[in-house]
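Student: Below is the sequence, then the predicted model.
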Amino acid sequence: MSPSPRPPSYTLEELNEETFILNLGPQHPGTHGVLRVILHMDGEYITEADPILGYGHRMQEKIAESVTYTQMLPYMARMDYLGALPYNLAWVCAVEKLCGFEVPRRAEYIRVITSELSRISSHLLWYGAFLLDLGGFTPFLHAFADREKLLDLLESVTGSRLTYCYYRFGGVPTDIDEDFLTNTLKFVEHLRKSLPAYHDLVTGNVIFEQRTRTVGVILPFDACRYGVTGPVARASGFAYDVRRQEPYSAYPDFDFAIPVEEAGGCLARYLVRMREIEESLNIIEQAIHALPEGPIRSKVKKVIKPPKGEVAMAVETARGELVIHIVSDGGKIPYRVKFRVPSFSNLSIFARLARGQLLADALAILGSLDLVIPEIDR
Amino acid sequence: MKKMKKIHTLFSDCCYLKEILAGFISLLRGMRVTWRAMCSRPHTVQWPRETAPLPARFRGHIELVADPATGRPRCIVCGGCARACPSGCIVVRGEKTADSKKKTLTEFTLNFTTCSLCGLCVESCPVNAITFSRDYALAGVNDEIFSRMNLLADMKNTAGGMAHV
Amino acid sequence: MTELTPLRILLSIMGIMVTISINAMLLVWLERKVAGHMQYRRGPMEVGFHGILQTVADGIKLLSKQLLIPDSVDRPLYILAPIVSLVPIFVAIMPIPFSENLQIWELNIGLLLVIALGLLNTLGILLAGWGSNNKYALLGGARAVAQILAYKIPLLLCVLTIIMLAGSFSLRDIALAQEGLWYAVVQPLCFIIYIITITLETNRSPFDFAEAESELVAGFHTEYSGMAFSLFFLAEYSYMFLASALAAILFLGGWSGPLLPGPVWFLLKLYAIIFLMMWFRWTFPRVRIDQMLNFGWKILLPLSLLNFLVTAGVLAL
């Protein structure tokens, strides 16, 4: 990743005398990762914001050119560690699409259940972190209390709590059992009962509303231009969800709504994510009740050698649209892999939104965009 | 009564009574949630005095499995796990002994500092010779304890101290 | 009414030091426990029974830290700031009656003295902000002054209303005048405004801009560490004690209550108000500074003025 294209020329002569530069450094509690933003401030107002990336670059795309398709599986969870299972899903679906593997129905349903659980876990964490940015310390812990139950569920299936390596080409490696199904249904009921408390504590709160309703409004035209996807786009009126536009896995079997808000501010993004949690709970419930019996993995060769060609697979992660583009030359190691990550486009609109805002508002906007910097830097 | 409800709002434009009343009530609702939270049981476990239950599929670092009949490791030194590992953590070495055509395991070293607990090694083993351990309270005084984990020695120690390979 | 002899002054200063220290210890522990339980966890549990000695452990740690004074600070102001914050407490607690006969200094303008000395906390913050020679600390200090200015006037109007009702500036007389009916019942609006303003004056969430929870850095006490930092901490909790004591006397009848002795009731009421402030902190997100100033000047000030005029009108009839 190259640094910011504009050469740093912050000499005194070029600076407006009344502004000063504030470095929201790579280490800052408000930037959710190693993001550096150089802010030109006029008193408390921001005149310009310049994000500098690259502090977390780990050469994932280059690594993909040196390991086999199977060996790339654990790297996917490390890109977005908060909602990791949809990333696993993207990789296995992309390779299955390239090679033409069939996946048994039971495995597809298991994949959907676990991916949606991962999405809920990501949104719960975002809820806590967003409120932490705004100065409310308690909702973070309330969300984590529920999230722990969810992570226990996923741990009983996959063995991991954060960086999963659960899906394989052709299905899933280990099956789920009756205990998991009962506990998941119990969890769905529990979270449905807890969500009103979340809304009481935060959503209706007049302080929260005043700080987020009119802040960081993204107009639909800008959303389109900057390529934002996910809840950020849906909060500006775009009903764009990859699970509807380009369905994959078992999503066509389920009946779920795509939450859309028109206002486009931080509050709208918050509301979209809270409603997405409810929709994910619906999907999980439907999937569990309709879970088919059968094998969980189809027979595939141990060494995957896809035919020569390329494939692009789009998946809806918790943050937006992830696209994986694989170019294969027929060997067991990919020729080129390109990841289009949602946080990168979502961050690009921050520089525009932050202009003219108070610092407190800029941090609220950054929190509401739900960025995970390691996936931006890959 | 009306005057009492006008307070506790943080609107910049004050005028509408209904909005102000709603703002006040919203703050009270929030306080009710935290009051209920305060009066309910804590969710935490006082570690190390109490421990939380460990699930069956918990992934600790890998360990060698001993064949119950012979006490020797099941490993046939095929090297599949070392090849499957994305990070190259595993070093497997064996030698052919005089009395058998198969190789016998002489070294099985794991570099746990680069292991990502992905499980590809466990899945790739044709004889189920490695499995995840349930070790989670890991602490050591030097780097070697984790970067060169001698799994063969660990297995022999736990399997009753069998000295022969 | 006893004379203020030098012996009495000496004994009272020692007593106040003990009170403040125990109060700070108790409040830090209470804050962490309340925060913990509101967040489904337990707070400190290790040091002492349910963590009661945790503050002692933290205090020992803070005392053992090196007293770092950066080179670029304005030395007199830097050193004076925590002292200016803390010392007025010693005098401000003197007129407070803990029960009918338990008062260090019976002063006929006791209320005025307490409020005037309570203002010096802000002076300490401003000195810290300016003297630190650090633009973030200065921002924190300037914000604190703006916040106090906006809310001092509604506070004074509320207090004036109570003075009108009781007919005296003496704290003991005000508490005695509430026989039978507490002023919180007679003047609920006044009570609510007072609670909001003291949450602000003591820089508590949701109004804690000047403090450690600022978006940027640690606010006005960025450059302080060790003993000096703990002095500011002590000052904050002592002002909470003072403001709640005043609330208990002005609105909740001071020491009155059945069965239990007077001082016990007084302390119960005092700590109930402090618990209320802690409850606010752990429930609400932070208000933005311009929204807070708007609220103070455009809502609280007209309301408290209206309340004052209406009370004056009713009393005149």
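Tutor: Sure thing, it's come through.
Student: Okay, strands next: where are they in chain A?
Tutor: Ranges of strands within chain A are A:20-24, A:36-42, A:45-52, A:309-316, A:321-328, A:336-340, based on DSSP state E.
Student: Those: which one's closest to chain C?
Tutor: For the strands of chain A, the distance to chain C is smallest for strand A:20-24, at 7.7 Å, taking CB to the nearest CB. Every C-beta, even on glycine, is put in place using the N, C-alpha and C of the backbone.
Student: What helix or strand is the closest residue to chain B within the stretch 151-300 of chain C located in?
Tutor: Using CB to the nearest CB, the closest approach of the stretch 151-300 of chain C to chain B is made by C:Asn294 at 4.1 Å. Here C:Asn294, judged by DSSP states H and E, is contained in helix C:289-295.
Student: B:Thr113 too?
Tutor: If you go by DSSP H and E, B:Thr113 is not part of any helix or strand.
Student: Distance check, it against C:Tyr183.
Tutor: 67 Å (CB to CB, to the nearest Å).
Student: Pick out whichever of the two has more residues nearby.
Tutor: Remark: of B:Thr113 and C:Tyr183, C:Tyr183 carries more neighbours, 22 against 13, as counted by other CB atoms under 10 Å in any protein chain shown.
Student: Which parts of chain B are helices?
Tutor: B:2-6, B:17-39, B:80-84, B:120-124, B:144-147, B:151-158 (DSSP state H).
Student: Ok, which of the strands of chain A comes nearest chain B?
Tutor: That would be strand A:336-340 among these, by CB to the nearest CB, at 14.2 Å.
Student: Touching the closest one from outside, list them.
Tutor: With CB atoms under 8 Å, 6 or more residues apart in numbering or on different chains as the test, strand A:336-340 has contacts from A:60-61, A:64-65, A:72, A:79, A:321-327, A:378.
Student: for stretch A:280-299, same thing?
Tutor: Applying CB under 8 Å, 6+ apart, the contact partners of stretch A:280-299 are A:101-107, A:109-110, A:112-113, A:116-117, A:119-120, A:123, A:168, A:170-175, A:181, A:184-185, A:188, A:191-192, A:250, A:253-256.
Student: about what we covered before: quick check: next helix or strand after the helix holding C:Asn294?
Tutor: helix C:301-316.
Student: what helix or strand is C:Ile125 on?
Tutor: helix C:120-131.
Student: picking up where we left off before, tabulate the helices of chain B in CSV, adding columns for mean neighbour count, mean pLDDT and distance to chain A.
Tutor: Output for the helices of chain B, formatted as CSV (neighbours: other CB atoms under 10 Å in any protein chain shown; pLDDT from 0 to 100; distance: least, CB to the nearest CB, whole Å):
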stretch, mean neighbour count, mean pLDDT, distance to chain A
helix B:2-6, 14, 40, 13
helix B:17-39, 17, 84, 4
helix B:80-84, 19, 91, 7
helix B:120-124, 20, 91, 6
helix B:144-147, 14, 88, 18
helix B:151-158, 17, 79, 19
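Student: Would you point to the one among the strands of chain A that's packed deepest?
Tutor: Each of those was scored by mean neighbour count; the highest is strand A:321-328, a mean of 21, by mean count of other CB atoms under 10 Å in any protein chain shown.
Student: quick one: strands adjacent to that strand?
Tutor: strand A:309-316 (antiparallel), strand A:336-340 (antiparallel) (DSSP bridges).
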